[in-house]
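Q: model this:
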Amino acid sequence: MMSESDTKWAACIVYYEDNIALQNLINDLLNQTIKPSHIYISDNDSKIGPVVNRNEINITIIKSQKNLGFGAAANIAVNRAIENKYNKFVLFSQDVILEEKSCEKMIKQLNLNPGIIFT
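A: Below is the predicted model:
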């Protein structure tokens, strides 16, 4: 069994104008056996901003003033997670589909091998 510190992690999502895909990913994250403690969404200057109506998890939306591209938008979300003392985070594109134990498997690997990266 993993301790609370072993299971504390943040999901970092790059978003651009697809609320349906974003909602599907958030639902998948909330259905994980090890749920994220926080979700950081980097909005890449969408004309159709993210709509998030979930109270069961902390979600932070960071709006960019221009489309910076995936990498720069990802760095914004990851840096915000680091600023908030997360040392485990997983980066997602908004259109990722997860199986129920996907994040559990990744977090177990992050605990065994600090410094590895999943995207």
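Q: next SSE after the least confident helix or strand in the chain by mean pLDDT?
A: Ranked by mean pLDDT, DSSP states H and E, the weakest helix or strand in the chain is helix 4-7, scoring a mean of 78. Downstream of helix 4-7, the first helix or strand assigned by DSSP states H and E is strand 10-15.
Q: returning to that earlier point: just how off-centre is the least confident helix or strand of the chain within its chain?
A: 17 Å (CA atoms, centre = their mean, to the nearest Å).
Q: tell me the buried residues in that helix?
A: Thr7 (16 or more other CB atoms under 10 Å). Every residue, glycine included, has its C-beta placed from N, CA and C.
Q: and the helix or strand where Tyr40 lies, what's its mean pLDDT?
A: Assessed by DSSP H and E, Tyr40 sits inside strand 38-43. If you average the pLDDT over strand 38-43, you get 97.
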